[in-house]
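1. take a look and give me a structure for this.
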Amino acid sequence: MTTLTKTFSALSDQTRLKIFEDLIENGELAASRFVEGSGISAPAISRHLKVLREAGLVSQRVDGTHRFYAARPEALRTIADWTKSHRAFWEGSLSRLEEALLLDEENEDG
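-> So this is what the prediction gives:
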């Protein structure tokens, strides 16, 4: 599986997406932070964090018995680059379509 495929697969789960968004907004957080008030067990949160880590979306830091996670900027850059490259493709395609329609319109009038 490619890096980008792993990235989107990991973020396709609502819980993992929320965890990732929390890390982007708040910076490094303890794993226990995601259990509190979520209604999700610690082992389930641990599995979600493992998927995010294996996809390269988060980094892990161990301090004694505590595990801290942070969003990886490289992962965000990969997503942004992919989005930009596809945006250029679609904008170019739509511009060519518009030109073709205008040309077709001119040929009908002429």
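2. need the strands for the protein, in chain order.
-> 29-30, 58-63, 66-71 (DSSP state E).
3. check the offset of the shortest one from the chain's centre.
-> Spelled out, it's strand 29-30. 19 Å (CA atoms, centre = their mean, to the nearest Å).
4. out of the strands of the chain, nearest to E91?
-> For these, proximity to E91 was assessed by CB to CB; strand 66-71 is nearest, at 28.3 Å. The C-beta positions use only the backbone N, C-alpha and C, and glycine is treated the same way.
5. got the angle for that closest one vs strand 58-63?
-> Counting by axes from the mean of the first three to the mean of the last three CA atoms, to 10 degrees, strand 66-71 lies at 150 degrees to strand 58-63.
6. helices or strands up against strand 66-71?
-> In terms of contacts (3 or more CB pairs under 8 Å, 6 or more residues apart in numbering; DSSP states H and E), strand 66-71 is packed against helix 14-26, strand 29-30, helix 42-54, strand 58-63.
7. need those in a markdown table with mean pLDDT, mean neighbour count and distance to T7, can you?
-> Shown next, in a markdown table, are those (pLDDT from 0 to 100; neighbours: other CB atoms under 10 Å; distance: least, CB to CB, whole Å):
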| stretch | mean pLDDT | mean neighbour count | distance to T7 |
| --- | --- | --- | --- |
| helix 14-26 | 95 | 16 | 10 |
| strand 29-30 | 96 | 16 | 20 |
| helix 42-54 | 96 | 16 | 10 |
| strand 58-63 | 96 | 14 | 11 |
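8. I'd like those laid out as a markdown table, including distance to D109.
-> Below are these laid out as a markdown table (distance: least, CB to CB, whole Å):
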| stretch | distance to D109 |
| --- | --- |
| helix 14-26 | 50 |
| strand 29-30 | 62 |
| helix 42-54 | 57 |
| strand 58-63 | 58 |
